[in-house]
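> build me a model from this:
(chains A and B)
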Amino acid sequence: MSLIAAKHLSVAHEGLPVLRDVDLSIDKGEIVTVVGPNGSGKTTLLKALLGAVKPTSGRIERAPGLVIGYVPQKLHVDHSLPMTVRRFLDLPKRAGNAAAQAALDSAGAGDLGARQMSSLSGGQFQRVLLARALLLKPDLLILDEATQGLDPPGSAAFYRRIEEVRDEVGCAVLMVSHELHVVMRASDRVICLNGHVCCEGAPEAVSAAPEYRALFGEGADVMAIYRHEHDHTHDHSHDHSHPDPA
Amino acid sequence: MLDDFLVRAALASLGVALAAGILGCFVVWRRMAYFGDATAHAALLGVALSLFAQVSVFTGVLFVAVVVALVVSGLARRGASYDSTLGVMAHGSLGVGLLAVSLLPGRAMNPETYLFGDILAVGRTDLGLIWAGVALVTGLILWRWSRLLTATLNPDLAQSSGVNPHRESLVLTMALAVVVAVAIKVVGALLITALLIIPAAAARPLARTPEAMAAIAVALGMTSALGGLRLAWVLDAPAGPSIVCVAVGLFAATTLWGLLRRR
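Just a heads-up that it's a prediction; the model follows:
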């Protein structure tokens, strides 16, 4: 059974349709990426799955007791709000010190506990948000353009971290991104969205699909990069293997 | 002891400082200062209404403050320009309020009493109302503290943690209306926002957590209240502006300290 599924989901915003008849389901432990141009309804889809946006028709089915960890797009913490990273993890429910440290460690933010939220760099901030989501022991991790504002090596490292977390915790991951090549490498399945689902499948299949090429242009042959990067050995060291692209 | 008007004035201002210190942190964090102005300025209309309808000033002010707060947050959520909506509401209600007060039949009312407050005229009933309102607001905020804080940080994050951000902002809106209603006699409609934001802003450089900021804001607000009363007594000046002046002095001191410490 899937963890969460959208059935014939349509969402309109101020009378204008944003999503039309979207079907989607996510299984335990899989990494699914939604790609699509700006205004294709990616964020709306995530919000509908989170329950923050009401569908105009269709429905969202969740597995009973599903716990979702949400990593928002970009979060601005105003300097007027004093907040240490450790205290941030206590919102809205107080977390034990051991659990908080464990979550920070798995997110690669183990040494940031005492820092002020407003003083973190973009990459540090994303790792803290990831830690906060992990604290809930989620069945499903939802990330909305989680690497916006990070440089390419930074976002590549972040997505590797997500993969490691998946392997460690066993949660499913649903993410939205425009950084196609980085994301595809880490995904089991890609969904190409443009108001409706254009095509979906394994990363290689999607990048070869005509619908995908129509949306992103011929220049978007990301699998070339993908294959290329897998042709040679990695010069960065990390101790896990990439799943074989199907 | 309550027979002494100075004791009553001190207790009234301490109460307002307590509620305003805590709520003021949220006003600062959520950048609601102008929202506070709109609600507070509308209070004058509430005064006119209460005299007209023969109800207590507290009831009239609370009623109008709630209505204005709801209208502004409703308009804002429907996508109206927040800034200009607030501008229209703040100054519109002040204008209408002043006009209404001047047109009141029979007994003439001095609008200055409510624009600048009249803390030395606080009676036992006023004191009871003020502390009831303060207890209500303080209790409400402490009870929902974590949820309010999560919603303040980010509405989407709150939603995904099972906190309804609209409900939390409604809670703050209502709390603001109550604080305006209890504070109008102490500092007056024009200076209520000052009592909300200045202690909180002054507390910021001294705090590392939201809880510490709220506690320090309350302490600074209370210091301003008592110091302001003393200043007013010595200078024979109105109490509301004196309290605000002391608060500004504290703000300058902590801000300077924060700047010096950073280098």
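> for B:Leu129, what are its contacts?
By CB atoms under 8 Å, 6 or more residues apart in numbering or on different chains, B:Leu129 lies in contact with B:58, B:182. All C-beta spots, glycine's among them, are computed from the backbone N, C-alpha and C.
> any idea how far B:Asp37 is from it?
B:Leu129 sits 23 Å away from B:Asp37, taking CB to CB, to the nearest Å as the criterion.
> for whichever residue of chain B sits closest to chain A, grab the count of nearby residues.
Going by CB to the nearest CB, chain A is nearest to B:Ser160 of chain B, at 3.6 Å. By other CB atoms under 10 Å in any protein chain shown, the residues close to B:Ser160 number 24.
> that one against A:Leu75, yeah?
No. B:Ser160 is not in contact with A:Leu75 according to CB atoms under 8 Å; the separation is 11.8 Å.
> chain A contacts on chain B?
Residues of chain B lying near chain A by CB under 8 Å from any CB of the partner chain: B:28-29, B:31, B:146-147, B:149-150, B:152-154, B:156-163, B:201, B:204, B:207-210, B:212-213.
> out of these, which are inside helices?
B:28-29, B:146-147, B:149-150, B:152-153, B:156-160, B:201, B:210, B:212-213 (DSSP state H).
> separate out the buried members of the residues you listed.
Buried subset of these (neighbour count, 16 or more other CB atoms under 10 Å in any protein chain shown): B:28-29, B:147, B:149-150, B:152-153, B:156-160, B:201, B:210, B:213.
> can you name the two of these that sit furthest apart?
The largest separation in those, counting by CB to CB, is between B:Ser160 and B:Ala201 at 30.3 Å.
> OK, now which residue of chain A is nearest to chain B?
A:Tyr70 (3.6 Å).
> and after the helix or strand harbouring A:Ala99, which helix or strand comes next?
A:Ala99 belongs to helix A:97-106 when assigned by DSSP states H and E. As assigned by DSSP H and E, the chain's next helix or strand after helix A:97-106 is helix A:122-134.
> report the angle between that following helix and helix A:97-106.
Between helix A:122-134 and helix A:97-106, the angle comes out at 130 degrees (axes from the mean of the first three to the mean of the last three CA atoms, to 10 degrees).
> how far is helix A:122-134 from where the chain is centred?
A distance of 12 Å separates the centroid of the chain from that of helix A:122-134, by CA atoms, centre = their mean, to the nearest Å.
> for it, name the packing helices and strands.
strand A:68-71, helix A:85-88, helix A:97-106, helix A:152-169 (3 or more CB pairs under 8 Å, 6 or more residues apart in numbering or on different chains; DSSP states H and E).
> which of these is buried the deepest?
strand A:68-71 (a mean of 25; mean count of other CB atoms under 10 Å in any protein chain shown).
> figure out how far that one is from the centre of its chain.
Centroid separation for strand A:68-71 versus its chain: 9 Å, with CA atoms, centre = their mean.
> who does that strand pair up with?
Here strand A:68-71 is paired, per DSSP bridges, with strand A:140-144 (parallel).
> which residues are contacting the partner strand?
Taking CB under 8 Å, 6+ apart as the rule, strand A:140-144 contacts A:3-4, A:26, A:42-43, A:46, A:49-50, A:66-73, A:133-134, A:162, A:165-166, A:171-176, B:160.
> right, I'll leave it there.
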